[in-house]
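the following comprises the amino acid sequence and a computationally predicted model.
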Amino acid sequence: MIRNLIKKEIEKAVKKLFREKVDFVVSIDGRFGDYSSNVAIILKGDPKENAEKIKSELNKSKFFSTSIAGPGFLNFTLSEKGLVAGLTYICDSKYKLILGKGRKVQVEFISANPTGELHIGHGRSAFYGDALANVLTAVGYKVEREYFVNDSRESTQIKELGKTALGKGISYLTENLKKKIQELRIKNQDESEVGYLVAKKIQKDNEKFIKKIGIKFDKWFSEEKELHAKKVFEKVLEMLKKKKLAYEKDRAIWLKTSQFGDEEDRVIVRSDGAVSYFLSDIAYHINKFGRKYDKVIDIWGADHHGHVKRMMIAKEMLKLKGDLEILISQLVTLKKGEELQKLSKRKGNVILLKDLVEDLGLDAVRWFYLQKTLSTHMEFDLDLAKEQSAKNPVYYVQYAGARMSSILAKSEIRSTKFETISKSEILKIKLVRNLVLKLIQFSEVVEDTAKDYQVHRLTTYAYELASEFSQFYRDVKVIGSENEKELIALVALTRNILAKTLKLLGISAPEKM
RNA sequence: CCCCUUGUAGCUCAAUGGAUAGAGCAGCGCUCUUCUAAGGCGUUGAUGCGGGUUCGAUUCCUGCCGAGGGGACCA
């Protein structure tokens, strides 16, 4: 909010002083001030002269003071009025981040095949997708979470699963699956049917587990029920043929994606008559956009990245309305000795997410995943993860929160209105000022994250906030202070913002540790 | 061979084209008569290699080297 205010003031000044329009940034940078901007350097002419001009124009502001440094950077230091304005903004209960403006967004993630339990690779998409959905909700989008269940009787993996259940194969075979197969007392001999039944059971377990790790989906979209049973593929095919976007060749049906920039046309119905994955995806996206989302976000594993282009092309071909964004999550490889091994459910070479959560605890696991960007190539080492877990920064952050709770519980003062902070002298204390600045950044961090989806920024922010508080805690005694009332309000606010940040990440904020 | 992603400190990760590349862990020093020492303070230590664009490059372009993924009528 303060950042936007500074930006607007600069824009005003630039408009008045220069004829140019420039694309400048105001960044949170505490090294030389509280915020800083490169505007004077980007403008034509001598950067320092530009900076001087802008500075003298901005000096009218009562919210911040401006200084010039380096090659022409403008650094802004908030005045007390500025700090109070920032605080007011994040405290105002009526206030809501309105970036999303109530637009409908769907986030589809995990969507693991119902052929086995979730492994550590799925953990990424699971927690990232969940946190992203939280953030988008926080800025005013209407968000729906969806999980695509790849349970079509026709699909290869369901048939393979059926084969295994009938003792004719070993794909996906684990101890757990053996148990399930026994429980089902299979009589039917049809691979598809058996596979479907087993998959249904596996899916049910996975849904239970996902709920247990704190993720709630609005919709579990069954390929079999929603697409296959409703003959959607036939309808889509007919439509594609009618629009002359599909044709038959070598007994298969192809989509003319090459006319829209793809390297080659793609098969949508195999020569054996089975629907390809691509057609299934197209039908699914027609369904999605038919539900009138303004934006659809798919989170896919890197092994599907080759499909991104053709999916985008298909969307264009069909003129589906709304934005489609496909995010790629890099895969997780297992480190065993010096060798890297790809996770494979078919080979049974996996570490289950369930086991990881049991060993390390949900909060530590969530933090572990969420502190990395989606593009990090993770080499997973279970021993290392366990070793690190005890020192997971999540505990540091939670510990700071517990200290805040402890202060609040011990103080006699129960009124925690933020207005008291602004009316007092405490803003003159350096450590209070630092803490307040960090609090003010909260809305800015959330806003940035909603724009670029870099959810890990929130873990960094949570850590920084905890760190600012820890320093404050060391030197500023709250209970018994002559400013106790004001300081209590500050602690309560810090506690509130920290809890909000952790909630976005899906991490708990215990009162005691 | 082609395409995508990627290479930052001993390890795990950050860094909207910006200023002195940040954290955590590990290491080495301090620091509990004080609201929780799971804390605080200090310190050692890094952009794979070579060009280019730019006032400025970890970031953009390009060549090489390494890693992961894709290049199926599997998903």
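Good, I have the coordinates. Being a predicted model, the structure only gives us computed values, none of them experimental.

how about the contacts made by the residue nearest to A:I429 when sequence neighbours are not counted?
Once flanking residues are discounted, A:I429 sits nearest to A:V476: 6.4 Å by C-beta to C-beta, 6 or more residues apart in numbering. Just so you know, the C-beta spots here come from the backbone N, C-alpha and C atoms, and that holds for glycine as well. The contact partners of A:V476, by C-beta atoms under 8 Å, 6 or more residues apart in numbering, come to A:429, A:431-432, A:487.

what's the answer for A:F32, then?
A:67, A:69-70, A:73, A:75.

just the buried ones from those residues?
Neighbour counting by 16 or more other C-beta atoms under 10 Å classes A:73, A:75 among those as buried.

just the contacts of A:F32 that are near RNA strand B?
By C-beta under 7 Å from any atom of the strand, the members of these lying near RNA strand B are A:69-70, A:73, A:75.

thinking again about what came up before, in strands, which of the contacts of A:F32 fall?
Using DSSP state E, the subset of the contacts of A:F32 located in strands is A:67, A:69, A:73, A:75.

quick check: the second one touching A:N75?
The reference is to A:A69. Yes: contact criterion C-beta atoms under 8 Å: A:A69 and A:N75 qualify, at 5.7 Å.

hmm, back to that, possible to save the contacts of A:F32 as a markdown table with pLDDT?
Below are the contacts of A:F32 laid out as a markdown table (pLDDT from 0 to 100):
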| residue | pLDDT |
| --- | --- |
| A:S67 | 94 |
| A:A69 | 91 |
| A:G70 | 88 |
| A:F73 | 95 |
| A:N75 | 95 |
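
tell me if I'm right that A:S37 and A:L74 touch.
Yes: here A:S37 lies in contact with A:L74, judged by C-beta under 8 Å, at a distance of 4.7 Å.

shared neighbours, the two?
A:I10.

name the helix or strand for A:E248, please.
In the assignment (DSSP states H and E), A:E248 maps to strand A:246-249.

quick one on the thing from earlier: for the residue nearest to A:I429, phi and psi?
Dihedral pair for A:V476: phi -110, psi 110, per degrees, to the nearest 10.

that older thread, by neighbours, which of the contacts of A:V476 wins?
A:L487 (25 neighbours; other C-beta atoms under 10 Å).

so what's it up against?
Contact partners of A:L487, counting by C-beta under 8 Å, 6+ apart, are A:426, A:432, A:476, A:478, A:481.

from A:A133, how far out is it?
Applying C-beta to C-beta, to the nearest Å, the value for A:L487 to A:A133 is 36 Å.

what do you get for A:S36?
Applying C-beta to C-beta, the value for A:S36 to A:A133 is 32 Å.

okay, these two: which has more neighbours?
A count of neighbours by other C-beta under 10 Å puts A:A133 above the other of A:S36 and A:A133, at 26 against 22.

which SSE is the more buried one in?
Element membership of A:A133, judged by DSSP H and E, is helix A:120-138.

after that helix, next one along is what?
Next helix or strand after helix A:120-138 toward the C-terminus (DSSP H and E): strand A:142-149.

can you give me phi and psi for A:Y369?
Reported as degrees, to the nearest 10, the phi and psi values for A:Y369 are phi -80, psi -40.
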